[in-house]
Structures are given as structure tokens and as C-alpha cells.
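Asks: Sequence isn't available, so here's the structure alone:
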């Protein structure tokens with residue numbers, strides 16, 4: 001409630017808003033109404049934008065989908081060959097280097113990598129474009145069809161817009177793809193090691209087949225099925241709000257700082273409200289002194305009896 005009306009609202013506004021939101025109803029009835037609206041596609045209105053939640057999701061989700069898809073493709077294109085190479089060179093320096101690269105991908109926070117990437121590749125070297133999906137001069141040039149800037153620019157034949165959007169997305173996609181690369185390479189290595197110990201691989205090597213043919217045709221062919229499931233796992237992680245290194249791009253992650261700020265305002269308002277109530281109901285010093293003296297005198301009389 002405090003996130004909706006604020007901590008300075010009057011009691012009448014607070015009560016009216018509470019009734020409008022249905023918070024005066026029993027909990028089971030609130031839950032029933034919520035489920036009924038969700039099943040009919042009504043997710044309510046956003047406290048931040050005052051728009052329907054579904055409309056905000058439809059508006060922001062294409063940017064997130066575009067970024068997560070490119071990041072996953074980047075991770076697959078590099079992670080799978082690195083995992084196969086690590087398994088083929090188990091225990092050697094190549095294996096150790098690839099495992100360290102994967103470990104760094106798990107350990108380093110992606111938001112920190114995003115800031116460092118902007119500092120180095122955008123501010124210092126100028127190899128990529130800055131935050132956002134497009135430069136200001138390219139806004140509103142193409143009509144949105146799918147919501148994906150790269151796809152819409154190709155449909156419209158605007159190659160300048162496509163190149164500009166690609167320069168904007170390549171850095172965050174590469175950074176998020178590094179996270180996918182770390183996971184996919186480690187899992188590919190694990191699957192390949194399991195297959196390379198099988199008897200059919202030993203038989204193929206005994207027959208004198210080329211090592212590359214054994215790795216990619218025999219071993220990797222049996223790894224592809226579980227690997228598809230593994231490749232799909234980093235996709236939701238790349239789509240999560242907290243993972244995006246582009247704080248100013250209009251994806252779902254853009255809503256996160258505002259959501260956190262609203263939550264902080266709500267908690268701060270609730271804390272201030274509790275403090276005011278505590279101060280109002282706190283006994284005055286003179287009253288507390290008189291009360292404690294009366295209690296001590298009553299205890300002394302009880303002991304004397």
C-alpha cells in the first residue's frame with residue numbers, strides 16, 4: 001500500500017485505495033480473484049508505469065529476447081568447441097586453460113564485466129557503440145514489426161540501422177555469452193569425457209580412424225542429445241534482470257532498478273510509519289519515571305509483607 005499511495009497519504013486515501021485494490025477482502029477471495037484475472041490475461045497494473053503489466057512485458061521483452069538469443073549463440077559457437085578440445089586434451093595445458101576460462105566465467109559478476117567492457121571497448125578504444133539499442137539519430141527510422149531491432153532493420157532494408165544496432169548489442173551479447181560459454185564448455189567437456197571412455201571409442205581408435213573423426217563423428221554425435229538440454233539452460237539466466245550489462249537499454253532488466261527503488265521506498269516508508277507509531281505510543285520521561293517508582297515501591301511493600 002505504501003508503494004502505491006506513499007507514506008504521506010491521509011487515512012481516507014489509504015482506506016479508499018485499499019478497497020479499490022481488494023485488500024479488504026479475505027485472503028482466499030483475493031487469491032481467487034488474482035488467479036481468475038491471470039487466467040484471463042489480466043496481470044494488473046504496474047505501480048511504476050501505471051500501464052497494464054502485460055503491455056509492459058510485451059513492450060520490453062523483445063529487447064531481452066534479442067540480447068539473450070545472441071548471447072546464447074555466442075556461447076554455443078565458442079563453448080562447444082572449447083569443451084571438445086578440453087576433453088580431447090584432458091590433463092594438458094589446453095585443458096587447464098579452458099577450465100580456468102570457464103571458472104572465471106562463473107566467478108566474475110557480469111555487471112562488473114559490463115562496466116569494464118564499456119570503459120575499455122567504448123570509452124577507451126571506441127570499438128563498440130555505447131549503451132542503448134540505437135544511436136539517437138537512428139530512432140524511429142524503421143517501423144517495429146517483431147520488436148527485434150536487428151530483424152526489423154533487415155526487413156526494412158535499412159543496413160545503416162542494422163550495423164548501428166549490431167555495434168550496440170555486440171558488447172553485451174559477448175559478455176553474457178561469456179557466461180553461457182563457461183557453462184556450456186564445462187558441460188561439454190564432462191559429456192565428452194564420459195563418451196571417450198566408452199568401448200566403441202577405443203574400438204574406433206584401434207581401427208586407425210582419424211582422431212578428429214572419432215571426436216566429432218562418434219563421440220560428439222552421442223553427446224548432442226544431452227547437450228541440447230544444457231544449451232537451453234543458460235537462456236533464462238541471460239534473460240534475467242540482474243544479468244544484463246546494459247543498464248540503459250529498454251529490456252526487462254531496465255525495470256529492475258525502478259522495482260528495487262520502489263521496494264526500498266516501500267520499506268523505508270513502512271519503517272518510518274512504525275517509528276512514528278512507536279513515538280506516539282512511547283510514554284513520556286516523567287511518566288516513565290513515575291511508573292518505575294510506583295512499581296519499585298509496590299515491590300518493596302510486597303517484600304515487607
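Replies: The structure has been received and is ready for your questions. Since we're looking at a predicted model, the values are computed, not measured. Residues are numbered from 1 along each chain as shown.
Asks: Looking at the protein, which helix is longest?
Replies: In the chain, taking DSSP state H as the definition, the longest helix is helix 159-196.
Asks: how big is the angle separating the following helix or strand past that helix from helix 159-196?
Replies: Counting by DSSP states H and E, the element after helix 159-196 in chain order, helix or strand, is helix 199-206. Calculated by axes from the mean of the first three to the mean of the last three Cα atoms, to 10 degrees, helix 199-206 forms an angle of 100 degrees with helix 159-196.
Asks: helix/strand/coil for residue 42?
Replies: Taking DSSP: H, G, I helix; E, B strand; the rest coil as the rule, one finds residue 42 in the coil state.
Asks: buried set for stretch 125-143?
Replies: 128-129, 133-134, 138, 142 (16 or more other Cβ atoms under 10 Å). (Glycine included, C-beta is placed from N, CA and C.)
Asks: who's in contact with stretch 93-105?
Replies: Contacts to stretch 93-105, defined as Cβ atoms under 8 Å, 6 or more residues apart in numbering, come from residues 82-83, 85-87, 89, 178-179, 181-183, 185-186, 189.
Asks: List only buried entries from the residues you listed.
Replies: 82-83, 85-87, 178-179, 181-183, 185-186, 189.
Asks: Spit out the contact partners of residue 156.
Replies: So residue 156 contacts 142-143 (Cβ under 8 Å, 6+ apart).
Asks: so where's this protein shaky on pLDDT?
Replies: In the predicted model of the chain, residues 1-7, 9, 233-305 satisfy pLDDT under 70.
Asks: and if we set it to 80?
Replies: Applying pLDDT under 80 to the chain flags residues 1-24, 44-50, 105-106, 110, 130-132, 135-141, 230-305.
Asks: Show me the domain layout of it.
Replies: Residue ranges for the domains of the chain, per automatic domain parsing: 1-42, 53-250, 253-305.
Asks: deepest of these, which one?
Replies: domain 53-250 (a mean of 17; mean count of other Cβ atoms under 10 Å).
Asks: If we only consider the buried ones among the contacts of stretch 93-105, which is nearest to residue 204?
Replies: Checking these against residue 204 with Cβ to Cβ, the nearest one is residue 87 at 15.2 Å.
Asks: Grab the nearest non-local neighbour of that closest one.
Replies: residue 192 (3.4 Å; Cβ to Cβ, 6 or more residues apart in numbering).
Asks: for the one you found, what are its contacts?
Replies: 83-84, 86-88, 215, 219-220, 223.
Asks: Please produce TSV containing those residues, extended by secondary structure and distance to residue 61.
Replies: Output for these, formatted as TSV (DSSP: H, G, I helix; E, B strand; the rest coil; distance: Cβ to Cβ, whole Å):
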residue	secondary structure	distance to residue 61
83	helix	30
84	helix	34
86	helix	35
87	helix	37
88	helix	40
215	helix	39
219	helix	38
220	helix	34
223	helix	32
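Asks: JSON lines for the residues you listed, including distance to residue 109?
Replies: Below are the contacts of residue 192 laid out as JSON lines (distance: Cβ to Cβ, whole Å):
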{"residue": "83", "distance to residue 109": "23"}
{"residue": "84", "distance to residue 109": "28"}
{"residue": "86", "distance to residue 109": "24"}
{"residue": "87", "distance to residue 109": "28"}
{"residue": "88", "distance to residue 109": "31"}
{"residue": "215", "distance to residue 109": "34"}
{"residue": "219", "distance to residue 109": "34"}
{"residue": "220", "distance to residue 109": "32"}
{"residue": "223", "distance to residue 109": "30"}
